[in-house]
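Asks: This is a predicted model, with the sequence first.
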Amino acid sequence: MKKTKTERSLLRLSAAAMLAGVMVLAGCSGGGDQPPVDTSVEDAAADRKLINDAIDTAQTAVDKVDDASDAATVTAADNAVAAATSAIASAAHISAEEKAAHNRAVTAIASQLTAAKKSRTAKMDDDQKAIDAAMVALALKLHTGISAPTTESPTPATDTRFAGYGSDDNANNIRVRSKSTTNIFLTEDKKATIAVNHGWDGKKYTRTTPASEGTYEAVVYSNVGEPTDGRKFASTAAVTDGGAYEYQLNATNNTELAINTGTADTTTESEIAVQKRIKSTEFDQTAGTKEFKGTRVDVDGSYHGVSGKYYCTPSSSTVNCGATISENGFALVGGTWTFLAGSNEARVMSTPDNVYASYGWWIHKSSDDKTYTASAFEADKGAVPDASGITVLRGTATYTGGAAGHFALTSSTGGTNDAGQFTADAMLNADFDDDTITGTIDSFMGADGKSRDWSVELKEASISDEGVISRSAANDTVWTIGTKAADASGEWSGRLQENNAASGVPGVGTGTFYTEYGLGGKMVGGFGVNSQ
């Protein structure tokens, strides 16, 4: 039981009264076998202060120990109680009887600490049981739900486990087909932070509505390159892909670029892109539309990073040109807006890399959280060049990078129950003399931040002239835990892409793998590697 300040004061008064009685007896004894007590007032007072301070510190430290305390708090309390006991034992200027009274006070504090630690341990045991039970449930759901990826339209459709990028207005989204031929589109969760995996950028994608369909989640790692210098702003001639200029000027006056932003709630990719490029200190409102009066509006600003002026002619005498704020930037409304660059030779903003190889995993959880479906994928964002001329290459190449996915180990007989997400190292070794390739996934790390002593062998597969990795045999993988390897199982596949211009060796590789560990283990993941 914690003692109040009043109770602690009474303990000290009791000790002081006992001391007074001892001092009286010592003064009246006139000698005897007992050595005389050191009655130096100053030394005794100093000893009492040290003891009382130590006891106060111990009581304060013990009062902090409860069911939610961390190990450091418990250790601090243990140390404070020990320090109080030591202070009493070291006191040389007070009597044994007074020391005994102080020791009783420390004993009471120590008893309080013992009870608090016992309660904390019981709570920790209960919490661990709950964690273990939750892990058993997760392992069962994931073990049932983990499966190898499939092609986009297997037969029957209920076997589908497919994911990849969308197209057109969904080009920046991930589309998933889970036991269906229907595309489910996942949008980027821009608030989520996914750590880079061996140089490949990570993003999270989700879909949570409608709630009746459960939730979807995907994590995608991409081989995104550095932004490239933007092209020159505009030309009066026609603009071609890969040419020197970004825009073709207005065909009527050959000086101004027409700006068509649509409305503030527009959803098309092209109009969203325009809204993001519009900047002006005159567009300074935080919501709604700012109007500009006049038959020819003139506003300083920039477009796509190039400085210049915006001009607008109202659509009628009763309408003002305006800038409407949207979540993407600004929509220019109320008339015909154009932009005149300060120099058409100025470069637009650096262009981000929008063509790259990717890999990742996805999971669908039913609305009642009882049924999971999890798999992996590899996909291209944009037109990543396929490899070519593999059959005429000679020599070897090593590829290294990362992997990520889901795993489940389940046991109903007291064995391991462990499940969740993982990241890992990936390595491929290509032999272009016989057009074969092998691989290893290892250095596994769970989402709990703990490493796993695992490795997965990707058995020898063939490489086509275009870089496609495939095996004709079954049982493509071997999962090893510690030093014990499971029987061969599962499958893996992938592809090499982006030939190096000088060597002809593909520079990047992606793929997926699925493996099993006996009857209780399943794992599925994707990987992405770069040539070394």
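Replies: That came through, no problem. Residues are numbered from 1 along each chain as shown.

Asks: wait, is Val136 part of a helix?
Replies: Yes - checked against DSSP: H, G, I helix; E, B strand; the rest coil, Val136 lies within a helix.

Asks: Identify the residue spatially nearest to it, adjacent ones excluded.
Replies: Spatially, and ignoring its direct neighbours in sequence, Val136 is nearest to Asn417 (4.7 Å; Cβ to Cβ, 6 or more residues apart in numbering). C-beta: built from backbone N, CA, C; applies to glycine.

Asks: shouldn't that neighbour be in contact with His143?
Replies: No - between Asn417 and His143 there is no contact under Cβ atoms under 8 Å: 9.6 Å.

Asks: what's around the nearest residue to Glu345 once chain neighbours are set aside, how many residues?
Replies: Distances taken as Cβ to Cβ, 6+ apart put Lys232 closest to Glu345, at 5.3 Å, once the chain neighbours are dropped. Other residues lying near Lys232 total 19 when counted by other Cβ atoms under 10 Å.

Asks: ok, now which ones touch Lys232?
Replies: By Cβ atoms under 8 Å, 6 or more residues apart in numbering, the contact set of Lys232 is Ala244, Tyr245, Glu246, Asn344, Glu345, Ala346, Arg347, Val348.

Asks: List the residues that contact the nearest residue to the last one once chain neighbours are set aside.
Replies: I take that to be Val348. In this structure, Val348 finds its nearest non-sequential neighbour in Gly230, 3.7 Å apart by Cβ to Cβ, 6+ apart. Applying Cβ under 8 Å, 6+ apart to Gly230 gives the contacts Glu246, His304, Gly305, Arg347, Val348, Met349, Ser350, Thr351.

Asks: show me the contacts for the fifth one.
Replies: Residues in contact with Val348, defined by Cβ under 8 Å, 6+ apart, are Gly230, Arg231, Lys232, Phe233, Glu246, His304, Gly305, Val306.

Asks: Next: Asp433.
Replies: Applying Cβ under 8 Å, 6+ apart to Asp433 gives the contacts Arg394, Gly395, Thr396.

Asks: what do you get if the cut-off is 10 Å, keeping everything else the same?
Replies: Counting by Cβ atoms under 10 Å, 6 or more residues apart in numbering, Asp433 touches Leu393, Arg394, Gly395, Thr396.

Asks: give me phi/psi at the first one?
Replies: Backbone dihedrals for Leu393, given as degrees, to the nearest 10, come out at phi -70, psi 150.

Asks: which among the contacts of Val348 end up buried?
Replies: Gly230, Arg231, Lys232, Phe233, Glu246, His304, Val306 (16 or more other Cβ atoms under 10 Å).

Asks: Work out for me the element the residue lying closest to the second one once chain neighbours are set aside sits within.
Replies: By that I understand Arg231. Setting aside the residues directly before and after it, Arg231 is nearest to Glu246 in space (Cβ to Cβ, 6+ apart), at 4.5 Å. Applying DSSP states H and E as the criterion places Glu246 in strand 245-248.

Asks: from the contacts of Val348, which ones fall inside strands?
Replies: Among the contacts of Val348, the ones falling in strands (DSSP state E) are Lys232, Phe233, Glu246, Val306.

Asks: ok so, going back, between the buried ones among the contacts of Val348, which is nearest Asn172?
Replies: Each of the buried ones among the contacts of Val348 was scored against Asn172 by Cβ to Cβ, and His304 proved nearest at 18.6 Å.

Asks: List the buried residues in stretch 360-377.
Replies: Gly360, Trp361, Trp362, Ile363, His364, Lys365, Tyr372, Thr373, Ala374, Ser375, Ala376, Phe377.

Asks: And stretch 340-353, by the same measure?
Replies: Under the neighbour-count criterion of 16+ other Cβ under 10 Å, stretch 340-353 has Leu340, Ala341, Asn344, Ala346, Arg347, Val348 buried.

Asks: Same check on stretch 399-419?
Replies: For stretch 399-419, a neighbour-count test (16+ other Cβ under 10 Å) marks 399, 401-410, 417-419 as buried.

Asks: Nearest residue to Val319 in space, please, no chain neighbours.
Replies: Gly334 is the one closest to Val319 (Cβ to Cβ, 6+ apart), at 5.1 Å.

Asks: how many other residues sit next to that neighbour?
Replies: Neighbour number of Gly334 under other Cβ under 10 Å is 20.

Asks: that older thread, could you dump the buried ones among the contacts of Val348 into CSV with distance to Ile481 and pLDDT added?
Replies: Converted to CSV, the buried ones among the contacts of Val348 look like this (distance: Cβ to Cβ, whole Å; pLDDT from 0 to 100):
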residue, distance to Ile481, pLDDT
Gly230, 51, 91
Arg231, 53, 92
Lys232, 58, 95
Phe233, 59, 96
Glu246, 54, 93
His304, 54, 95
Val306, 58, 96
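
Asks: quick one: secondary structure of the spatially most central residue of the chain?
Replies: Nearest to the mean C-alpha position of the chain, counting by Cα atoms, centre = their mean, stands Ile194 at 3.8 Å. The assignment at Ile194 comes out as coil when based on three-state DSSP.

Asks: wait, doesn't it sit right on Trp361?
Replies: No - the criterion here is Cβ atoms under 10 Å, and Ile194 misses it with Trp361 at 11.6 Å.

Asks: Quick check: Met124 vs Lys118, distance?
Replies: Distance of Met124 to Lys118, computed by Cβ to Cβ, to the nearest Å: 11 Å.

Asks: related to what we said a few turns ago, now rank the contacts of Asp433 by neighbours and give me the top one.
Replies: Going by other Cβ under 10 Å, Leu393 tops these with 21 neighbours.

Asks: residue contacts, the closest residue to it other than its chain neighbours?
Replies: Nearest residue to Leu393, sequence neighbours excluded (Cβ to Cβ, 6+ apart): Phe432, at 3.8 Å. Phe432 makes contact with 389-397, 463, 504-506, according to Cβ under 10 Å, 6+ apart.

Asks: Repeat the analysis, applying 6 Å as the threshold.
Replies: For Phe432, the contact set (Cβ atoms under 6 Å, 6 or more residues apart in numbering) comprises Leu393, Arg394, Gly395.

Asks: just Phe330 next, same as before
Replies: Gln275, Ile278, Phe283, Ala323.

Asks: Adding distance to Ala46, pLDDT and secondary structure, write these out as TSV.
Replies: Shown next, in TSV, are the contacts of Phe330 (distance: Cβ to Cβ, whole Å; pLDDT from 0 to 100; DSSP: H, G, I helix; E, B strand; the rest coil):
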residue	distance to Ala46	pLDDT	secondary structure
Gln275	77	93	helix
Ile278	77	96	strand
Phe283	74	96	coil
Ala323	78	96	strand
